[in-house]
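Peer 1: would you be able to build a 3D model of this:
(2 chains)
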Amino acid sequence: METIAVYWEPTIKTYGFKEVSDVSLVRMASDDLAKIGALIHDLDPVKNEFALLWNYNDTQNDTQNDTRSICLGMPGKDRRHAVELLKQKCLSENIDFLGETYPVGLVYFHGPHYGDRYGIAETVFKTLDGKVEIIAAGFSGAAVYLVFPMDDVKTAVSLLSQTFETPDSYHE
Amino acid sequence: MSRMRTEEKLNIGGVKFTENIALLSITEPISGKISKKNTAMLFFSLLSENEINISMLSMIRDAKTVRTDCSVAEDNLHKIYKIIAPFPELKERLEVLHNLGTISIYPHKSLMKLLGKILFAFGKKKIPVYNMTSSISSFTFLTECDCLEKAVEALKENFKLPQNHAPFQQQFCIKHVHK
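Peer 2: Numbering: from 1, shown residues only, chains lettered A, B, ... in the order given. Got it, this is the predicted structure:
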């Protein structure tokens, strides 16, 4: 593998923080991933979008054979309808609906080389250390997703803005 | 019956995979907010101090526990075992899975339909999925290295890829240059 070396900026840059309010975090589990896939697929006519996806490790269920648990963040105006439909379908398809956390706020951002450099996770968690309640976090590619109780979103963005370099336009 | 069976193939822009990944998982009890008292935070600091990149991370908490899953390049494992050695609590909680690979699919356009169909395709082919996350434009799934080709085949059966598309691997890595 070829190695390309780059200079590391002392303050980590981002392209700005985005916030999404009133998100539902839903968790479901089944030993049949295809069944979960079909259920999610068939929610689509509601025109609901997902905001994020996680593997959800249910500490009570995951020790049981091949149970797959996943967590979805669902925003948008059709969210309530989509969650209710998902609950009904879980029941009829014999998929465990593990619960919904609502409302939560989502903060996401990305920056140069996030997927290839070290230290992003440490910087994020050190910045938020004990100051806000982090419900979930997901880092993939160049993106960082964080889920907070609604009341903690503004504080979290303010703290992160002090640590990460953001474009000037973000502060205007 | 799911409408998926009668539906036309959906378009995706591309598929990328990375081999030789290890999954490092920590499950720990928690009361209160996630802070530096947590084992996962210590682990992030150790990785950062030793210039080890986490290529994929998911963390989620419930009332009593927090679960953290980190993917790193497998050739870092020896170094990781060495740096966690002085921390018995971390060593004890760390579970490691070897010989994994990631498959990323883009763009997802935030479509439930697309996500559902990918999970369906992987589930039908019995492709093990150890972790999954989404970014702004792509989904990334962690599976066994030996299953990457099979995962691509499963995608080809259910999605339309651009003509002449070949799954590709990143041919470079980024290294920190100290100034």
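
Peer 1: hmm, who's touching the longest helix that chain A contains?
Peer 2: With secondary structure taken from DSSP state H, chain A has its longest helix at helix A:79-92. Contacts with helix A:79-92, where a contact means C-beta atoms under 8 Å, 6 or more residues apart in numbering or on different chains, come from A:22-24, A:26, A:28, A:39, A:42-43, A:46, A:48, A:74, A:76, A:95-97, A:100, A:102, B:112. To be clear about C-beta, it is placed using only N, CA and C from the backbone, and glycine gets the same treatment.

Peer 1: out of the residues you listed, which are buried?
Peer 2: Buried residues within the contacts of helix A:79-92, counting neighbours by 16 or more other C-beta atoms under 10 Å in any protein chain shown: A:22-24, A:26, A:28, A:39, A:42-43, A:46, A:48, A:74, A:76, A:95-97, A:100, B:112.

Peer 1: element containing residue 27?
Peer 2: Chain wasn't specified; assuming chain A. For A:Arg27, the host element (DSSP states H and E) is strand A:18-30.

Peer 1: if you could check chain B rather than the one you did, that'd help
Peer 2: Once you assign secondary structure using DSSP H and E, B:Thr27 falls within strand B:14-29.

Peer 1: from the chain's centre, how far out does that strand sit?
Peer 2: Taking the mean C-alpha point of strand B:14-29 and that of its whole chain, the gap between them comes to 4 Å (C-alpha atoms, centre = their mean, to the nearest Å).

Peer 1: again, but for stretch A:67-75
Peer 2: A distance of 10 Å separates the centroid of the chain from that of stretch A:67-75, by C-alpha atoms, centre = their mean.

Peer 1: do that stretch and chain B meet at all?
Peer 2: Yes - applying C-beta under 8 Å from any C-beta of the partner chain, one finds stretch A:67-75 touching chain B at A:68, A:70-71.

Peer 1: strands - which of those land there?
Peer 2: Assigned to strands by DSSP state E, the following of the residues of stretch A:67-75 next to chain B qualify: A:68, A:70-71.

Peer 1: neighbour count for these - can I get that in a markdown table?
Peer 2: Formatted as a markdown table, the entries for those read as follows, by neighbours: other C-beta atoms under 10 Å in any protein chain shown:
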| residue | neighbour count |
| --- | --- |
| A:Arg68 | 24 |
| A:Ile70 | 23 |
| A:Cys71 | 26 |
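
Peer 1: which parts of stretch B:35-51 are buried?
Peer 2: Judged by neighbour count (16+ other C-beta under 10 Å), stretch B:35-51 contains these buried residues: B:38-48.

Peer 1: ugh, typo on my part, it should be stretch B:139-148
Peer 2: Of the residues in stretch B:139-148, those scored as buried under the neighbour-count criterion (16+ other C-beta under 10 Å) are B:139-145, B:147-148.

Peer 1: out of these, what pair is the most spread apart?
Peer 2: Looking at these by C-beta to C-beta, the two members farthest from one another are B:Phe139 and B:Cys145, with 18.5 Å of separation.

Peer 1: downstream of the helix or strand where B:Thr143 lies, the next helix or strand is which one?
Peer 2: Using DSSP H and E, B:Thr143 maps to strand B:139-144. Past strand B:139-144, further along toward the C-terminus, the next helix or strand under DSSP H and E is helix B:148-158.

Peer 1: tell me the first helix or strand C-terminal of that following helix.
Peer 2: Assignment by DSSP H and E places the next element after helix B:148-158 at strand B:159-160.

Peer 1: packing partners of that next one?
Peer 2: For strand B:159-160, the contact count by 3 or more C-beta pairs under 8 Å, 6 or more residues apart in numbering or on different chains; DSSP states H and E identifies strand B:10-11 as packing neighbours.

Peer 1: paired strands for the strand it packs on, with orientation please.
Peer 2: Using DSSP bridges, the strands paired with strand B:10-11 are strand B:159-160 (parallel).
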